[in-house]
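S.K.: Give me a 3D structure for the following:
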Amino acid sequence: MAGKYVAAIDQGTTSTRCILFDHDGKIVATGQKEHEQIFPRAGWVEHDPMEIWGNTREVVGQALARGNASTSDIVAVGITNQRETTVVWDRTTGQPVYNAIVWQDTRTGKICDSLAALGGGDERYKDRVGLPLATYFAGPKVRWILDNVDGARERAEAGDLLMGTIDSWLIWNMTGGTDGGKHLTDVSNASRTMLMDYRTLEWLPDIAEEMGIPMSMLPEIRSNSEVYGEGRAAGFLAGVPISGSLGDQQAATFGQVCFERGMAKNTYGTGNFMLLNTGEEAVPSENGLLTTLCYKLGDAKPVYALEGSIAVTGSLVQWLRDNLGMIKDAPEIETLAAGVEDNGGAYIVPAFSGLFAPHWRSDARGALVGLTRYVNKGHIARAVLEATAFQTREVLDAMNADSGVDLTELRVDGGMVGNELLMQFQADVLDVPVIRPEIVETTALGAAYAAGLAVGFWSDLDELTAKWAEDKRWEPAMDAGERDRQYRNWQKAVTKTLDWVDDDVS
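M.R.: Alright, predicted model coming up:
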C-alpha cells in the first residue's frame, strides 16, 4: 500500500483538528483551529457550519505541512464529530439555512414537551430509539429550524433541504458538495437523532412525521467502517478514500480498543461521556442511561453500548476562565485547587444546559451551594474539578445497575486527563482504578482505526488491541466513610438545581 498515514478529522465542540497517524497508531502531525461559540440567548448554543467547513480544510493543510506529507501519503480519511449538533442546508446552493444548533442547546424544550404530551411522556420513543425525549438530540433541532426559519419548511417539503449531524455535513462537502456530494451518515450518529430504530438501523418514518421532518431530508445510514466515497473538494484530499465515521464518543471507545463486552471508557472533554460495551445485545436502560450504537464494521453485526452523557465538565473550567476570570488558562485550575485540602464545603452542580444522565432534567440550572465566609477561590476551583468526578460517579452507579456487573476499572481519555488531582479524586470517588493510555487522543485514533480497517491498512481488531498501552493508573485511596459523606453532600446539592425553569424563567 503506497500511503503511509491515515488522517483523522476530529470535529469537536470547540475546535476542529486533523491528526495524521502512522501504522503503529502514533501521532505524526496535528493541525487545529477553534471556531466561534455563538450564544444568541440563554440556553442557546450555535456554530457556523461554513466556518467549521473552512476550518476543516485549513487544519488538514496544517497537518500535511507539519508532517511533511502530501495527499499521496494518505491512505484513508476517518471522521469523528460532535454528535447531536445539527445542520440544515440547501442541496442546490450548499448554504446552511441557519447556524448549526449545538448538542448543548436547550431551545427545543417545548417541542419535546409537545411530543411527550402525545402519550408515553419522555419515554414515548425510547423502546425503539434507545433515547428519552430531550433537548440533547438532533430530531427536535431540525423541527425547530423548519418551524422558525422563514420558508424553510416549504423548501424542505419541496425536497430542497438536507439535514444531518456534522459528519453528514463534512462528508457531503468533502465528496463534492453541490456537485454530487454524498448525503450519508453512520449508525453511531444516526442513533443520536431519535429517528433511527436501534435494532433495524433504519429510519422510522412515523417518528419523522410526528416531528414534522420530511424523509427526503435524511441521509443514507451506513456502517462506521467502509468506503463512503473519495475526496473531491478542490485541492482537498482529492482521490483519498473517506472510509471511517463515528460520533466522537463511539470513536473514543473504539480508540480505547473497548472491543469486548463489559469494557468501558470515560472521555473528559467539553462534557463527559462514559460508554460500556454491551456486545451484540442492546440493553434497555432503567436507570437514566442511553442505549446506543457502539460501532458497526462493514457487514458485521452491530455492537451496542450503554452511555452516560454529562453536559458540562471541561466547559465548566472554561466558564471559570472566561466568564469569571478566576484563572488565565485551563491547566492553572489544578494549581489553584491544590492550594487547599478540600472543597471547604462548597459544591458546584453545573446544570448550565439542564442535567443529562441519569437525571434528564431540562428544567435544572447550575448552582453553587454550601458557601460560607471560609470558602475562597481555591475551594471553588476544587469544587469545579470535583463536579466532574461526582457526575461521573452518578453515571457509573447507573451503569452498574443496568448492566448487573460492577465495573472493575475505568479507561479515561480527553483533555482533562492530564489533571492529576482530578484523576486521583476520580479514582477515590469511584473506588476503582482509573487508567490513562499512552495515546490520549483516542477520539481521533478511533476514527483513524475505523478508516484504516476499511482499506486494509490494519488487518483486524486484534492488531489494534495489541497497540494499546497504559501510561498511568490511579488507585483509590479515600476512606469509605469520607467517600460516602462527600457523595451524599453532592446528591443533596443536585436537588437544589431542579425545577428552576418555568414559563417565565429561561
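
S.K.: any idea how far residue 149 is from residue 104?
M.R.: Distance from residue 149 to residue 104, counting by Cβ to Cβ, to the nearest Å: 20 Å. C-beta: built from backbone N, CA, C; applies to glycine.

S.K.: Please identify which of these two sits among more neighbours.
M.R.: Per other Cβ atoms under 10 Å, whichever of residue 149 and residue 104 has more neighbours is residue 104, with 24 against 16.

S.K.: That one against residue 350, yeah?
M.R.: No - if you go by Cβ atoms under 8 Å, residue 104 and residue 350 don't touch, sitting 11.3 Å apart.

S.K.: Give the other helices and strands that the longest helix seen in the chain contacts.
M.R.: In the chain, with assignment by DSSP state H, the single longest helix is helix 377-403. Helix 377-403 sits against strand 264-268, strand 272-279, strand 303-310, helix 314-322, helix 332-338, strand 347-349, helix 420-430, helix 480-495, with contacts defined as 3 or more Cβ pairs under 8 Å, 6 or more residues apart in numbering; DSSP states H and E.

S.K.: To residue 201, which of those lies closest?
M.R.: strand 303-310 (11.1 Å; Cβ to Cβ).

S.K.: what about the residue of the chain most remote from its centre, distance to residue 408?
M.R.: Distance from the centre of the chain peaks at residue 373, with 38.0 Å (Cα atoms, centre = their mean). Residue 373 sits 43 Å away from residue 408, going by Cβ to Cβ.

S.K.: Could you do residue 28 as well?
M.R.: Taking Cβ to Cβ, one finds residue 28 at 34 Å from residue 408.

S.K.: out of these two, which sits in the busier spot?
M.R.: Ranked by neighbour count (other Cβ under 10 Å), residue 28 and residue 408 place residue 28 first, with 19 against 9.

S.K.: Which strands or helices does the host helix or strand of that one pack on?
M.R.: For residue 28, the host element (DSSP states H and E) is strand 27-34. For strand 27-34, the packing partners by 3+ Cβ pairs under 8 Å, 6+ apart come out as strand 15-21, helix 49-66.

S.K.: Which stretch among the ones you listed approaches residue 75 most closely?
M.R.: Nearest to residue 75, of the helices and strands packed on strand 27-34 and by Cβ to Cβ, is strand 15-21 at 10.4 Å.

S.K.: quick one: residue 487 and residue 389 touch, right?
M.R.: No - under the criterion of Cβ under 8 Å, residue 487 is not in contact with residue 389, lying 9.7 Å apart.

S.K.: intersection of neighbour lists for the two?
M.R.: Residues touching both residue 487 and residue 389 by Cβ atoms under 8 Å, 6 or more residues apart in numbering: residue 429.

S.K.: higher neighbour count, these two?
M.R.: In terms of neighbours (other Cβ under 10 Å), residue 389 is the more surrounded of residue 487 and residue 389; the figures are 24 against 16.

S.K.: Pretty sure the more buried one sits against residue 421.
M.R.: No - counting by Cβ under 8 Å, residue 421 is not a contact partner of residue 389; they are 10.1 Å apart.

S.K.: What is the burial count for the closest residue to residue 385 other than its chain neighbours?
M.R.: Closest residue to residue 385 apart from its sequence neighbours, by Cβ to Cβ, 6 or more residues apart in numbering: residue 422 at 4.7 Å. By other Cβ under 10 Å, the residues close to residue 422 number 26.

S.K.: can you tell me how far residue 422 sits from residue 376?
M.R.: In terms of Cβ to Cβ, residue 422 sits 19 Å off from residue 376.

S.K.: tell me the contacts of the residue nearest to residue 385?
M.R.: By Cβ under 8 Å, 6+ apart, the contact list for residue 422 reads 268, 334, 385, 388-389, 416.

S.K.: mind running it again at 10 Å?
M.R.: 268, 313, 317, 333-334, 337, 382, 384-386, 388-389, 412, 416, 434, 474 (Cβ atoms under 10 Å, 6 or more residues apart in numbering).

S.K.: And for residue 164?
M.R.: Contacts of residue 164 (Cβ under 10 Å, 6+ apart): 86-89, 138, 142, 170-172, 183-185, 189-190, 193, 217-219.

S.K.: in the protein, which segments are predicted with low confidence?
M.R.: Residue ranges of the chain with pLDDT under 70: 1-2, 234-235, 503-506.

S.K.: hmm, 50 instead?
M.R.: Applying pLDDT under 50 to the chain flags the ranges 505-506.
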